[in-house]
Structures are given as structure tokens and as C-alpha cells.
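S.K.: Turn this into a structure:
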Amino acid sequence: MRLVRWLDFRCWALLGAAALSIALPGLMMSLAGSARAETVLEERKLPMKFGWVVCEPNCHGWVSAVGVVTSDSPGDFDRFARGRDLAGATVVLDSSGGSVNDAITLGRRWRSLGLRTTVGTSIQTHTAQGDQASVMPDAYCESMCVFLLLSGTTRYVPDGAHVRVHQIWMGDRADDAKAASYTAQDLMIVERDVGRLAKYTFDMGGAGDLLSLSLSVPPWENLHELSRDELRLTNLVTTDAVAEVLPAMMPKNGTAATPVAELATSKPVQDRFVSSAMQAEAEPHQIGLPEKSTRTAEAVPPIGGSGATPAK
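M.R.: Down below sits the predicted model:
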């Protein structure tokens, strides 16, 4: 009798588990999506990594750039680019910014290659028909990443992507900027890098509105998320056609398609990021100046209220 009851209980347990998996497939997908979002967030906390996303047989592919810009990033990109024909390729960004001068150096290299830029999370799967790739829109391009986005000869930001700006600051004092003390030399360094950033912005075809919006938000306040109108006003977006940056995302009949799929889960609140000290670009009139690090200090997205849009 005990054996029969145990078998009955086991049978009902198996049936219940099967019913749950059938009735709640969305729950299983949500859990898988949550794990994916957590992984992406962790990648964004690490130094920037570059990868080539392959999407055979009918896709040229693109460059994935994920993480924080550090003093190693320009050199890492040069090593990644060695032996590859990247002229006119697209870079898909998911980054929380980082070192000001190293981002400027990297952006100028991207412009010299004629790279195109967009914001997203690259997803790649391997199938019997070949490697399939897609770009998810629920990604972040913040602080100096915004100026990397600006380096593209063609720039596209999908609906659902988050582009956020704020001031640059001393890298070693950005976490508690109000409580820190500053010397005249520190102020000179910040103003010098603001000048470098301004020159870079105009060289890349950006508008003064981008600098105005960025420099009006101190590091102890929430990042300001750019609206669709502001993306146009600042010249960060040059096209609304995904085919101009990711042609493979268009259907064969040439009609407009949704370029990217929505992530099924919410994005966790991000931590503050600290970029490493960098070797600034040497310019003739700046030789001999101290090269302390400035960066765009990362602020925690708000839960509600005015200012930056709450993280999704």
C-alpha cells in the first residue's frame, strides 16, 4: 500500500511539473532572460571588450563593444582590428563610459576607419543553417560612450536604447564629488579636458547642445537621458533607418522591419564605475601638463521623479 501511494504521489508530482512547464512557458523564458540581463550587466562593469559578431551566410557582421573605456581600450581595439578589414563596419555599443581622453582617442580612430555606430546588445546563436545574430535594443550608452557613438559616420539609436549624459570629473573623486577637495591644478585639468571634448565634439559633427546638456548635469545628480528630440538636436542620430547601419536586419523584400527584439526582463540598477588613470593625448601646447584622469562619473539611475528617465 505504501508503495502504491508513493507511486501515485510521484505520478501526480510529475504531472504537476509538466503542467507547470506547459502553462507557464513565459515564466521559464523570463528566468532565462533574467540570467542573460545579469550577464550583460556584469560585462558592462568590466573594461571594454571588442568582438566580431558573425552572422553567416547572408550577413557581413559587426563589431561588439561592451564595457568601460580604460587606458587599455585604444590599444585593445588596435589589436582587435589587426588583420581585419573594418572600413565602414558598424560598432554596436553597450557601455557606461569611462576615461575621457581614451574615449576621445578611440573615437578618432573609429572615425578614421569610417565606422558606423549604434546602441544595442549583440546576441549570437549557432544553428544548422549557420550563425544567427541579432541586436537587442535594451542597452545603455552613457557618459563617454555617448561621444563614442558620435564618432560614427552614420549613427542610429533604436527605440528602447538609453543614451545618458552628465559632466566629466576627476576620476579619483567622482564617487563623492561634493565632499572632495580640489586644487587650482585640478580645476585646470578639468577645464583642459572640457576643451578637448568640445573640439572633439565639433570635429565629429556634434552640436553645441550635446556639450550644454552634458555639462549641465553634475556627477552627484542623476544622468540625463536624451529624448528622441534631443538625440536629433545634438546630432547624435543621423538616420532612422536601421538598414544604414545593420543592413542584415532588413527583410529581403526591402520593407522596413523591427531591427531589434525587446529583452523580456528588466535591467538591474547599475553600480558606479571607476575608470583607470589614462595617458592623455600629447598635444604640442599641452606637453608638460599633469595627466590626472577625468571621467564622466556614473550616477545611479533614479526610481522616480524628474531628471533622468527611470531605468527599465
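S.K.: other SSEs contacting whichever strand or helix holds Asp186?
M.R.: Under the criterion of DSSP states H and E, Asp186 resides in helix 184-203. Identification of packing neighbours for helix 184-203 by 3 or more Cβ pairs under 8 Å, 6 or more residues apart in numbering; DSSP states H and E yields helix 100-112, helix 144-150, strand 169-170, helix 208-215, strand 294-295. C-beta: built from backbone N, CA, C; applies to glycine.
S.K.: quick one: contacts of the second one?
M.R.: For helix 144-150, the external contacting residues (Cβ atoms under 8 Å, 6 or more residues apart in numbering) are 65, 69, 91, 93, 95-100, 103-104, 106-107, 110, 117-119, 141, 155, 157, 163-165, 168, 197, 200-201, 204-206, 210, 214, 226, 235-236, 295-296.
S.K.: Which among those residues count as buried?
M.R.: 65, 69, 91, 93, 95-100, 103-104, 106-107, 110, 117-119, 141, 155, 157, 163-165, 168, 197, 200-201, 204, 206, 210, 214, 226, 235-236, 295-296 (16 or more other Cβ atoms under 10 Å).
S.K.: Give me the average confidence score over the helix holding Asp186.
M.R.: On average, the pLDDT along helix 184-203 is 95.
S.K.: Same check on stretch 234-253?
M.R.: The pLDDT scores in stretch 234-253 average 79.
S.K.: Also stretch 208-222?
M.R.: Computed over stretch 208-222, the average pLDDT equals 94.
S.K.: in it, what's buried?
M.R.: Asp209, Leu210, Leu211, Leu213, Ser214, Val217, Pro219, Trp220, Asn222.
S.K.: how about TSV for those residues, with distance to Ala81 added?
M.R.: Output for the buried residues of stretch 208-222, formatted as TSV (distance: Cβ to Cβ, whole Å):
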residue	distance to Ala81
Asp209	32
Leu210	27
Leu211	29
Leu213	31
Ser214	28
Val217	33
Pro219	32
Trp220	37
Asn222	35
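S.K.: Show me the strands in the stretch 1-150 of the chain, by range?
M.R.: 49-53, 62-66, 90-94, 116-119, 121-127, 130-136, 140-142 (DSSP state E, counting those that start in this stretch).
S.K.: what angle do the fifth one and strand 90-94 make?
M.R.: Going back to what we said before, that points to strand 121-127. 110 degrees (axes from the mean of the first three to the mean of the last three Cα atoms, to 10 degrees).
S.K.: could you say what helices and strands strand 121-127 packs with?
M.R.: strand 49-53, strand 62-66, strand 90-94, strand 130-136.
S.K.: and the end-to-end length of stretch 203-217?
M.R.: Stretch 203-217 has an end-to-end distance of 23 Å (Cα to Cα, to the nearest Å).
S.K.: what does that stretch contact?
M.R.: With Cβ under 8 Å, 6+ apart as the test, stretch 203-217 has contacts from 107-108, 111, 146-147, 150-151, 165-168, 194, 197-198, 201-202, 223-224, 226, 230, 233-236, 296.
S.K.: go with 7 Å
M.R.: With Cβ atoms under 7 Å, 6 or more residues apart in numbering as the test, stretch 203-217 has contacts from 107, 111, 150-151, 165-167, 198, 201, 223-224, 230, 233-236.
S.K.: Repeat that for stretch 72-89.
M.R.: Residues contacting stretch 72-89 (Cβ under 7 Å, 6+ apart): Pro47, Met48, Phe50, Trp62, Val63, Asp102, Thr105, Leu106, Arg109, Leu113, Gly114, Leu115.
S.K.: Is it correct that the last one is in contact with Val91?
M.R.: So that's Leu115. Yes - contact criterion Cβ atoms under 7 Å: Leu115 and Val91 qualify, at 5.4 Å.
S.K.: just to revisit the earlier point, want to try CSV for the helices and strands packed on strand 121-127, with distance to Ala180 as columns?
M.R.: Compiled in CSV, these are given as follows (distance: least, Cβ to Cβ, whole Å):
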stretch, distance to Ala180
strand 49-53, 31
strand 62-66, 30
strand 90-94, 30
strand 130-136, 37
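S.K.: which of the contacts of stretch 203-217 lies closest to Ala184?
M.R.: Lowest distance from Ala184 to the contacts of stretch 203-217 (Cβ to Cβ) belongs to Gln167, with 18.7 Å.
S.K.: I'd assumed Leu223 was in contact with that closest one.
M.R.: No - assessed by Cβ under 7 Å, Gln167 is found out of contact with Leu223, at 10.1 Å.
S.K.: Who has more neighbours out of the two?
M.R.: In terms of neighbours (other Cβ atoms under 10 Å), Leu223 is the more surrounded of Gln167 and Leu223; the figures are 30 against 20.
S.K.: Distance check, Met48 against Ser96.
M.R.: From Met48 across to Ser96, the span is 10 Å (Cβ to Cβ, to the nearest Å).
S.K.: same deal with Leu215?
M.R.: 19 Å.
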